[in-house]
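[1] A predicted structure for the sequence below; I have some questions about it.
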Amino acid sequence: MRIKICGITKPKQGKAIAEFGATALGFMCVPSSPRYISDEIIYTIIEQLPNHIDKIGVFANTNIKQISETATKSGLTGIQLHGDESIEYCQQLRQSFPQLEIIKALRIRSLKDLKLAIDYTSFVDTLLLDAYHPQQLGGTGKTLDWTMLEKFQPNCPWFLAGGLTPDNILQALSQVKPNGIDLSSGVELSPGDKDLEKVAKLFEKLGSRE
């Protein structure tokens, strides 16, 4: 299972989280986010990571030229779209970046939102299902209604996100069978400042499932 820790802002924390066993790190490229960091800092963090770690930039309603500049400067291996990007936009992005993983995040309130998620599966590599919040794109600490997702089996891999913590991760995975999990606020002291003790606890809990 893929384990993605998102909202990394500090080089030492990024390196430590990779050493705990994360398979992907996420970097906020949305200027309005409290976890936003510049291309230069992303590059500084990525430079010290092993090649097998996925390096995902998170964007929202960003033009493709800007994404291209950030991806090139920082060394991203994947692009996560967390805004209102259309299927047509995803198709254009795929043509521009055939070598990068494209993840489409959707905020889920109802079964109607799940049906919309399915529509994207032919145009992206991976889905990410997050909790809905009217003002925030992610990192809200809110959980999804996991019962809605018990039978969710799209035609592409998917991440479960939204309010996951070391304390609820086993309950979530007992109900839902994602290909990966994505945590941000659930392993933080404050936005962008990760709590390495919580990260260690997360991997301890995940290890107990094996």
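    Cool, got the structure.
[2] top strand in this protein by residue count?
    Using DSSP state E to define each element, the chain has its longest strand at strand 101-108.
[3] can you list the strands that that strand pairs with?
    Applying DSSP bridges, strand 101-108 is found paired with strand 78-81 (parallel), strand 126-131 (parallel).
[4] where does the prediction get shaky in this protein?
    Residues of the chain that meet the criterion pLDDT under 70 lie in 132-141, 210.
[5] can you give me the helices in it?
    11-20, 39-47, 64-74, 87-96, 111-119, 169-175, 196-207 (DSSP state H).
[6] please tabulate those helices in CSV, including the columns mean neighbour count.
    Placement of C-beta: from N, CA and C, glycine included. CSV is the format used below for these (neighbours: other Cβ atoms under 10 Å):
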stretch, mean neighbour count
helix 11-20, 17
helix 39-47, 17
helix 64-74, 15
helix 87-96, 15
helix 111-119, 13
helix 169-175, 15
helix 196-207, 16
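[7] is it possible to export those to JSON lines including distance to residue 155?
    As requested, those are exported to JSON lines (distance: least, Cβ to Cβ, whole Å):
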{"stretch": "helix 11-20", "distance to residue 155": "30"}
{"stretch": "helix 39-47", "distance to residue 155": "30"}
{"stretch": "helix 64-74", "distance to residue 155": "25"}
{"stretch": "helix 87-96", "distance to residue 155": "14"}
{"stretch": "helix 111-119", "distance to residue 155": "8"}
{"stretch": "helix 169-175", "distance to residue 155": "21"}
{"stretch": "helix 196-207", "distance to residue 155": "26"}
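[8] how far off centre is the longest strand of the chain?
    Taking Cα atoms, centre = their mean, to the nearest Å, one finds strand 101-108 lying 8 Å from the centre of the chain it belongs to.
[9] which of the helices of the chain sits closest to residue 183?
    Closest approach to residue 183 among the helices of the chain (Cβ to Cβ): helix 196-207, 6.8 Å.
[10] now find how far off-centre that closest one is within its chain.
    The answer for helix 196-207 is 18 Å, by Cα atoms, centre = their mean.
[11] give me the residues contacting that helix.
    For helix 196-207, the external contacting residues (Cβ atoms under 8 Å, 6 or more residues apart in numbering) are 1, 3, 5, 13, 16-17, 20-22, 165-166, 169-170, 183, 186-188.
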